[in-house]
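> model this:
(one chain, ligands or ions: 1)
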Amino acid sequence: MTEKKETYYITTPIYYPSSKLHIGHTYCTVMADAMARFKRLTGYDVRFLTGTDEHGQKIQDIAKEKNVTPQEYVDEIVDGIKDLWATMEISYDDFIRTTEPRHVERVQEIFKKIYEKGDIYKGEYEGWYCTPCESFWTETQVEDGKCPDCGRPVKKAKEEAYFFKLSKYQDRLLDLFENNPDFLQPETRRNEMIKFVKQGLDDLCISRSTFDWGIKVPIDEKHVIYVWLDALTNYITALGYPDDPELYDKYWPADIHLVGKEIVRFHTVIWPAMLMSMDLPLPKQVLGHGWLLLEGGKMSKSKGNVVDPVVLIDRYGVDALKYFLLREYTFGQDGVYTNEVMLRRMNFDLANDLGNLLSRTVAMIQKYNGGFVPDSHEENEIDLDLKTIAISAAPKVEEHMNKFEFSVALEEIWVLVRRANKYIDETTPWVLDREEADKERLDTVLHNLAESLRIVSVLIYPFMHTTSGKMRKQLGIWYTEVEWKDALVFDTMSGEQVAKGKQLFPRLDIEKELEELEKMQGPAEEQNIPLELKPEIEYDDFDKIDFRVGTIITAEKHPKADRLLVFQVKMGTETRQIISGVAEDFTPEEMTGKKVIIVANLKPRKLRGMESKGMLMFAENGKRCEIVTTIADDGCVVD
Ligand code: ME8
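Below you'll find the model as predicted:
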């Protein structure tokens, strides 16, 4: 009877097909893939799910702009995403698309279940809506007219809608965070969520009637289901819940939902509450990873400042990119991507350390022993040191992998790689070759090097399986299956015939590569990526605005809000107070005396207790926000 394996279910977020995926998405998927491969290798029955989140207003708007149907639009992008994952040899077991009938039907069943439980009711929603994020925000969450997640402007929206009784689950959610510290990691994310839930949870608006690219609410077809509710359920609809529960019974609850830190709230508040409502078990753990940033901000499809993984793969290969992503960044923290950091990693760790170790070892076995791995003989202290490091690496890698510390796990492997390189320098096989009396010693050295490389080929398998295969081919062990337990033992090789192959990783001329990459990636402004703008407005809407010119008489920080500046602005005969959220971009001193353009007929508003009458005009210029100034006189009407 075969032993039943323990299951391990890991998921990535399902990505929006709003344009091509960039290296940030690749980072998340590469981590999930490495973990899935690691778990398979260490004996688990793994299910690895990824997919695409294809509904919502944003997709509908883009498709309209491009004059295609939303389905045509997503089909093309999703093909590209699947191609990318194929190129990267991502070992997912299932790819779910939220437009697939299997998902659509199951989401409707899930909606009905929650409705029947009494947790969904009809009401009216008025709030601030951020179209790019597909999120509604309350008055208190919106900061100065901007979305608290992405910082872009939100718009007022009101509609009849269905609500989910999220507030009912507030205490159980708090309990979950407080009594189950592993549920959400890293710790900082957990603390943020505890704070968020403690502020009090509003019921969640879970339907929309202002657009129709979504799954219809089964009890009221005028509405479509809120895209997040639709998307979150993918983790169980892909397992066949509720109508075909074989996989569900086997793999649910998920072991890991791996998500970026900006969507932790959806996964640790809304998703568990939905599951609680359905009386289903919760995922065992949600891990919120950090962002890859470009100098100057988060990479984002809509900002156009992205790094295309395909360019890097074409030039350096899949494994080099995977290694860089997993080794360079600390899980849970943000990291800055630069071409230079990547090229250095590839050169030092891959070309120099690993590539050289293999090519030197194979060349020496060919030169000094006719191409066959010799047996070892008497051992000295240096041999024992190498051996100890080699066979103790696997448990250390395992320990760090189980904490998602990819970077530390790889560092442990490189401790062995570097030790083996040093071992060559210490034992000087070219000197041993000179004396017949040293032949046994030379055999032992070559044997130990081959053994160390064999162990490295097992250890790196979850991260770079193709490189592992190439190493094993050169070491003459290509015909044996990679097994984790083989990394725990030394002295298994004898008489294998090595074969010189191509350099694993060619050495890169960093300066030249930097120039080439710059040419290929191009500065974002030369790529002619259309700007993401708010929906078009009619001339009549614009004509309602009364622009005036004014002079800033004084400017000071708002006493209660770090991001706000309070201006006294003179327009002709009138001086009035206007508040803007630009304290991070401008100092009061540099604003004083500036001639500015004002929206003078904007309804007055209180901002943190102080009245603001009108609005100063600022415009986005790339990442910066700039003030609109003029040389006209105060009080002029601007047409
Ligand atoms: O949020 N650095 O989809 P999405 C690191 N459809 N990771 C990044 C990143 C960056 N710069 N940019 C994106 C959605 N990611 C929803 C998810 S799940 C039920 C629905 C990764 O296409 C990161 O994992 O915006 C982030 O959470 C995910 O892509 C968001 O992808």
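
> tell me the secondary structure for the residue of the stretch 351-500 of the chain found nearest the ligand?
The ligand sits closest to residue 404 of the stretch 351-500 of the chain, with a gap of 13.2 Å, by CB to the nearest ligand atom. C-beta coordinates here come from the backbone N, C-alpha and C atoms, glycine included. Following DSSP: H, G, I helix; E, B strand; the rest coil, residue 404 is assigned to coil.

> quick check: the nearest residue to it once chain neighbours are set aside vs the ligand, distance?
Distance criterion CB to CB, 6 or more residues apart in numbering; nearest residue to residue 404, sequence neighbours excluded, is residue 331 at 4.8 Å. Distance, residue 331 to the ligand, by CB to the nearest ligand atom, to the nearest Å: 11 Å.

> and residue 331, what's its pLDDT?
Looking at residue 331, its pLDDT is 94.

> wait, a strand at it?
No: read with three-state DSSP, residue 331 is coil and lies in no strand.

> residues contacting it?
31, 186, 287, 289, 290, 404, 405, 406, 407 (CB atoms under 8 Å, 6 or more residues apart in numbering).

> what residues does the protein put near the ligand?
13-16, 24-25, 27-28, 53, 231-232, 234, 259-260, 263, 291-292, 298-299 (CB under 6 Å from any ligand atom).

> low-confidence stretches in the protein?
For the chain, applying pLDDT under 70 flags the ranges 1-2, 296-306, 522-536, 620-625, 631-639.

> roughly how far apart are the single nearest residue of the stretch 151-300 of the chain relative to the ligand and residue 196?
Among the residues of the stretch 151-300 of the chain, residue 260 lies closest to the ligand, at 2.4 Å counting by CB to the nearest ligand atom. For residue 260, the distance to residue 196 (CB to CB, to the nearest Å) stands at 17 Å.

> next one: residue 503
51 Å.

> for stretch 117-134, which positions count as buried?
119, 120, 125, 127, 128, 129, 130, 131, 132, 133, 134 (16 or more other CB atoms under 10 Å).

> could I have that stretch exported to PDB, CA atoms only?
C-alpha atoms of stretch 117-134 as PDB (Å, rounded to 0.1, in the frame of the first residue of the first chain):
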ATOM      1  CA  LYS A 117     -27.900  32.300   5.600                       C
ATOM      2  CA  GLY A 118     -29.400  35.800   6.100                       C
ATOM      3  CA  ASP A 119     -26.000  37.600   5.600                       C
ATOM      4  CA  ILE A 120     -27.000  39.600   2.400                       C
ATOM      5  CA  TYR A 121     -29.500  42.400   2.300                       C
ATOM      6  CA  LYS A 122     -30.600  45.100  -0.100                       C
ATOM      7  CA  GLY A 123     -29.800  48.700   0.600                       C
ATOM      8  CA  GLU A 124     -28.500  51.900  -0.900                       C
ATOM      9  CA  TYR A 125     -24.900  52.600  -1.300                       C
ATOM     10  CA  GLU A 126     -23.300  56.100  -1.300                       C
ATOM     11  CA  GLY A 127     -19.600  56.300  -1.100                       C
ATOM     12  CA  TRP A 128     -16.400  57.200  -2.800                       C
ATOM     13  CA  TYR A 129     -15.400  54.900  -5.600                       C
ATOM     14  CA  CYS A 130     -11.900  54.300  -6.900                       C
ATOM     15  CA  THR A 131     -12.300  52.900 -10.400                       C
ATOM     16  CA  PRO A 132      -8.700  51.600 -10.900                       C
ATOM     17  CA  CYS A 133      -8.900  49.700  -7.500                       C
ATOM     18  CA  GLU A 134     -12.600  48.700  -7.900                       C
END
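
> could you look up the SS state of residue 363?
helix.

> what about residue 359, how many residues close to it?
Residues near residue 359, counting by other CB atoms under 10 Å, number 16.

> quick check: it touching residue 503?
Yes: if you go by CB atoms under 8 Å, residue 359 and residue 503 touch, sitting 6.3 Å apart.

> need phi/psi at residue 339.
phi -60, psi -40 (degrees, to the nearest 10).

> residue 511 is in contact with that one, correct?
No: applying CB under 8 Å, one finds residue 339 not in contact with residue 511, separated by 11.2 Å.

> out of these two, which sits in the more crowded spot?
With other CB under 10 Å as the criterion, residue 339 and residue 511 differ in neighbour count, and residue 339 comes out ahead with 17 against 10.

> before we move on, back to that, comparing residue 503 and residue 196, which residue is more hemmed in?
residue 196 (16 against 12).

> A helix includes the more buried one, no?
Yes: using three-state DSSP, the assignment for residue 196 is a helix.

> for it, which non-adjacent residue is closest in space?
Closest to residue 196 by CB to CB, 6+ apart is residue 265, at 6.5 Å.

> the one you found contacts residue 195, correct?
No: using CB under 8 Å as the test, residue 265 is too far from residue 195 to be in contact (11.1 Å).

> neighbour count for those two, which is higher?
residue 265 (19 against 10).

> next one: that one from residue 149, what distance?
Taken as CB to CB, the span from residue 265 to residue 149 is 9 Å.

> next one: residue 242
In terms of CB to CB, residue 242 sits 31 Å off from residue 149.

> show me how far the helix or strand in which residue 31 is found is from its chain's centre.
Per DSSP states H and E: residue 31 is located in helix 23-41. Counting by CA atoms, centre = their mean, to the nearest Å, helix 23-41 is centred 11 Å from the centre of its parent chain.

> what are the buried residues along that helix?
23-41.

> same question, stretch 388-401
389, 390, 391, 393, 394, 396, 397, 398, 400, 401.

> contacting residues for the first one?
It refers to residue 389. 415, 416, 419.

> let's see it at 6 Å
By CB atoms under 6 Å, 6 or more residues apart in numbering, the residues touching residue 389 are 416, 419.

> phi, psi of it?
phi -60, psi -40.

> considering the contacts of residue 331, which possesses the most neighbours?
Busiest of the contacts of residue 331 [other CB under 10 Å] is residue 406, holding 27 neighbours.

> these two touch, right, it and residue 326?
Yes: assessed by CB atoms under 6 Å, residue 406 is found in contact with residue 326 at 4.2 Å.

> neighbouring strands for whichever strand or helix holds residue 127, and are they parallel or not?
Per DSSP H and E: residue 127 is located in strand 120-130. Strand pairing for strand 120-130, using DSSP bridges, gives strand 135-137 (antiparallel), strand 155-164 (antiparallel).

> which residues are in contact with stretch 364-371?
Outside stretch 364-371, the residues that reach it (CB under 6 Å, 6+ apart) are 429, 433, 442, 446, 497, 498.

> repeat the analysis, applying 8 Å as the threshold.
372-374, 429-430, 433, 442-443, 446, 449-450, 497-500.

> what of stretch 69-84?
15, 17-21, 26, 52, 54, 59-60, 62-63, 66, 95, 97, 99, 213, 309-310.

> kindly report the same for stretch 231-244.
11, 14, 47, 49, 51, 53, 55, 94, 96, 98, 102-103, 105-107, 109-110, 113, 245-248, 250-252, 254, 257, 266-267, 270-271, 274, 280, 283.

> recalculate using a threshold of 6 Å.
So stretch 231-244 is contacted by 11, 14, 49, 51, 53, 94, 96, 103, 106-107, 109-110, 247-248, 251-252, 254, 271 (CB under 6 Å, 6+ apart).

> and if you look at stretch 456-473?
Taking CB under 6 Å, 6+ apart as the rule, stretch 456-473 contacts 34, 37-38, 41, 319, 322-323, 326, 358, 393, 397, 413, 478, 482, 486-487, 504.

> okay, now it: how far is its last residue from its first?
13 Å (CA to CA, to the nearest Å).
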